[in-house]
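Trainee: build me a model from this:
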Amino acid sequence: MSDIISVLSALAEPTRLGAMRILLDGGEHCVCELMRRLGASQSRMSRHMGILKAAGLVVDRRDAQWVRYRLHPEMSPHSAVIVEAAVVALTETRLAA
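Mentor: Numbers count the residues shown, from 1 in each chain. Predicted coordinates for the structure are as follows:
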């Protein structure tokens, strides 16, 4: 139960949800790209990604001066369903606006 709560809490912030939407393409994305696409500063983006990592949703890899993120390959099936539902809801909300 606490895993589900941590996932929901992590996804409750728009920048973090936007990052998950980007990462759902299955690729690896550097902080610089996430910053640019989401309009966040480096420190803010790193803090958000740390929260997603603590919730077990992403993993990171250092690449010279950048950190690259991707979906956690061992994300629980329950977490994956929650992430997908939240991203679909975000996308549908944006399309309706």
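Trainee: could you use CA atoms for every contact and neighbour count after this?
Mentor: OK.
Trainee: residues in contact with Ala86?
Mentor: Ala86 sits next to Leu11, Leu17 when contact means Cα atoms under 8 Å, 6 or more residues apart in numbering.
Trainee: distance of it relative to Gln65?
Mentor: In this view, Ala86 and Gln65 are 31 Å apart by Cα to Cα, to the nearest Å.
Trainee: I'd say Val58 and Arg68 touch.
Mentor: No: under the criterion of Cα atoms under 8 Å, Val58 makes no contact with Arg68, lying 10.0 Å away.
Trainee: you'd agree Asp3 is in a helix?
Mentor: Yes: the assignment for Asp3 (DSSP: H, G, I helix; E, B strand; the rest coil) places it in a helix.
Trainee: how about it, what does it touch?
Mentor: Ala55, Ser79 are the contacts of Asp3 under Cα under 8 Å, 6+ apart.
Trainee: got it, and Arg68?
Mentor: Contact analysis of Arg68 by Cα under 8 Å, 6+ apart lists Glu28, His29, Cys30, Val31, Asp60, Arg61, Arg62.
Trainee: find the nearest non-adjacent residue to the last one, please.
Mentor: Distances taken as Cα to Cα, 6 or more residues apart in numbering put Arg68 closest to Arg62, at 6.2 Å, once the chain neighbours are dropped.
Trainee: helix or strand: which one has the residue nearest to the spatial centre of the chain?
Mentor: A centroid search over the chain (Cα atoms, centre = their mean) returns Met20, at 3.0 Å, as the residue closest to the centre. In this structure, Met20 sits in helix 14-23 according to DSSP states H and E.
Trainee: having no further points to raise, I will conclude here.
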